[in-house]
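[1] Quick one: sequence plus predicted model below, questions after.
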Amino acid sequence: MGRLVHLKAFTNDVKLAQDSIENYKQEFTTLVNYATQIKGYIFPLPHDINAWPGGAAAYQAAQTTWADIGGTLEGWSISTLKNIIKIPEALTGDNNTIILPALNACISSCDDLISDPNDQLYIRSLKRKINLLIDSFDMYSDMTEGLIKSLNDEATVFDKDAGKMIVLSDQALDAIGNDNKRITELNNQISKLNSDIKSAAVAIAGGSLVAVAGLGICIVGIILAPATGGVSLGLLIPGLVITAGGAVCIALNSMTISQDKKLIDALNTQINSIEGDITLLTQMSDKLKGFAGQVDSLKNTLSVITKPWSSACDYFKSTLETLNTIEDATSEDWTNVKNELNDILTHWNTLIDTVGKIQVQFDVYKTNLSLGMSQDEVMKAINDSSANKVDIITYLIS
């Protein structure tokens, strides 16, 4: 393929990267939410281990599986998650010291060659600068491809773990027969609450997370123990706190969230102790399944955002091939190359701005919120716990 084909591929890839920013931030936020829930869940201590579907052996198998998953999550946090958070900084780190100076120097060399089209010193100088760009883009492509491969491999691992947990929860549901309908209904309502809390967070960000550079996470604890009976069941739902541009937080007493809690409380009165344990088990399995799927989704979107680095490299390799075969250039030839480089520069600046927008810092406030709290009460709880705030990686490995 010729230079113009590679140039068009690069400009198209920059546009696709721009269009993927909102999706990437939403996916990354959802991924971190899942990880926070998985970290927070403690495998249920059965009210009666002998009553656990399948008996004590089945319970021990499920408990061991969840403990192993916790170890896998910690390893993922200090390697892959850390690299994902740092990817914007890594991709833009050499922009001002290598990429922009080299691009501008190439354009300057073209100006010299427009005046003297076959000057070999100018041509060799241009080749050296292009080789520098190729080396830089190759390095970044290798780095992002390695990260994407890690995401792909880990999605497979977490998916297998989720499969084990789902089998265990399905076996438990099957063992209790018709009573599983109540558990399924309760789980569906809990999932709706999850979704409503997330929607509330996005709404206070103006419907988009693109401009948000800081997200705080609190754990919303739902203790299902209505006065009329039911099971004491601890469920965990991350509540997002938008911290960029001043702290703004969700209210947990909105009409929608209050209605969710009312329905959950009503359903909870209909289940017994062992069914409560199984409800928690199915929630844990669902969150792990969601996490595995989100790792895979994030991998695909990250691939789109980082693709311009490899397509830029392809363009410069093609340009270098042209320079190596050129014998009798004209001023018009170098004017064309200069125009292409200016186009690259324009789109490159757009790309750097785009990548900067995927930067986000996740912090966890070590305070438990509860449904029914007003926005002022949520804010006070967050402010009171600010000294105990930790970054997401510290939280996940602690």
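    That came in fine, so what should we check first?
[2] Verify the stated contact: Asn33 with Cys218.
    No. Here Asn33 lies out of contact with Cys218, judged by Cβ atoms under 8 Å, at a distance of 11.4 Å. No exception for glycine: its C-beta is placed from N, CA and C like everyone else's.
[3] how about the strands in the stretch 151-300 of the chain?
    Using DSSP state E, counting those that start in this stretch, the strands of the stretch 151-300 of the chain run over residues 214-224, 233-242, 248-249.
[4] Please spell out which residues along the strand or helix carrying Tyr34 are buried.
    Here Tyr34 sits within helix 21-40, counting by DSSP states H and E. Of all the residues in helix 21-40, those buried under the rule 16 or more other Cβ atoms under 10 Å are 21, 24-40.
[5] go on, stretch 132-139?
    Under 16+ other Cβ under 10 Å, the buried positions of stretch 132-139 are 132-134, 136-137.
[6] In helices, which of those residues fall?
    Judged by DSSP state H, helices contain the following of the buried residues of stretch 132-139: 132-134, 136-137.
[7] could I get those residues as CSV with distance to Ile305 and pLDDT?
    CSV is the format used below for these (distance: Cβ to Cβ, whole Å; pLDDT from 0 to 100):
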residue, distance to Ile305, pLDDT
Leu132, 24, 94
Leu133, 20, 94
Ile134, 21, 95
Ser136, 18, 92
Phe137, 15, 92
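[8] Save those residues as a markdown table, and put in distance to Val14 too.
    Listed next are those as a markdown table, based on distance: Cβ to Cβ, whole Å:
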| residue | distance to Val14 |
| --- | --- |
| Leu132 | 21 |
| Leu133 | 16 |
| Ile134 | 18 |
| Ser136 | 17 |
| Phe137 | 13 |
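[9] Which pair of these spans the longest distance?
    Leu132 and Phe137 (9.8 Å; Cβ to Cβ).
[10] got the residue ranges for the helices in the stretch 51-200 of the chain?
    In the stretch 51-200 of the chain, the segments counted as helices under DSSP state H, counting those that start in this stretch are 55-76, 82-92, 100-115, 120-175, 180-204.
[11] relative to helix 120-175, how tilted is the third one?
    Read it as helix 100-115. With axes from the mean of the first three to the mean of the last three Cα atoms, to 10 degrees defining the directions, helix 100-115 sits at 140 degrees from helix 120-175.
[12] how far is stretch 276-284 from where the chain is centred?
    The chain centre lies 26 Å from the centre of stretch 276-284; the measure is Cα atoms, centre = their mean, to the nearest Å.
[13] quick check: mean pLDDT across it?
    In this model, stretch 276-284 carries a mean pLDDT of 81.
[14] need the helices of the stretch 51-200 of the chain in CSV with distance to Trp309, can you?
    Formatted as CSV, the helices of the stretch 51-200 of the chain follow (distance: least, Cβ to Cβ, whole Å):
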stretch, distance to Trp309
helix 55-76, 24
helix 82-92, 7
helix 100-115, 14
helix 120-175, 5
helix 180-204, 30
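[15] Just want the angle from the helix or strand hosting Thr322 to helix 21-40.
    Using DSSP H and E, Thr322 maps to helix 273-325. For helix 273-325 against helix 21-40, the angle by the same axes, to 10 degrees is 140 degrees.
[16] So which elements touch the helix or strand following helix 273-325?
    In the C-terminal direction, the helix or strand that comes right after helix 273-325 (DSSP H and E) is helix 331-356. Of the remaining helices and strands, those touching helix 331-356 by 3 or more Cβ pairs under 8 Å, 6 or more residues apart in numbering; DSSP states H and E are helix 3-19, helix 82-92, helix 100-115, helix 273-325.
[17] Let me see the contact set for Asp343.
    7, 11 (Cβ atoms under 8 Å, 6 or more residues apart in numbering).
[18] can you check the one 5 residues further on too?
    Contact criterion Cβ under 8 Å, 6+ apart gives 14, 99-100, 103, 312 as the residues in contact with Trp348.
[19] go with 10 Å
    Trp348 makes contact with 10, 14, 95, 99-100, 103, 308, 312, 341, according to Cβ atoms under 10 Å, 6 or more residues apart in numbering.
[20] ok, now Leu302?
    By Cβ under 10 Å, 6+ apart, the neighbours of Leu302 are 20, 24, 27-28, 84, 87, 144, 147-148, 151, 358.
[21] of the residues you listed, closest to Leu193?
    Looking across those and measuring by Cβ to Cβ, the closest to Leu193 is Glu27, at 20.8 Å.
[22] Touching, that closest one and Ser297? I think so.
    Yes. The criterion here is Cβ atoms under 10 Å, and Glu27 meets it with Ser297 at 5.2 Å.
[23] just to revisit the earlier point, which neighbours do Leu132 and Phe137 share?
    99, 316.
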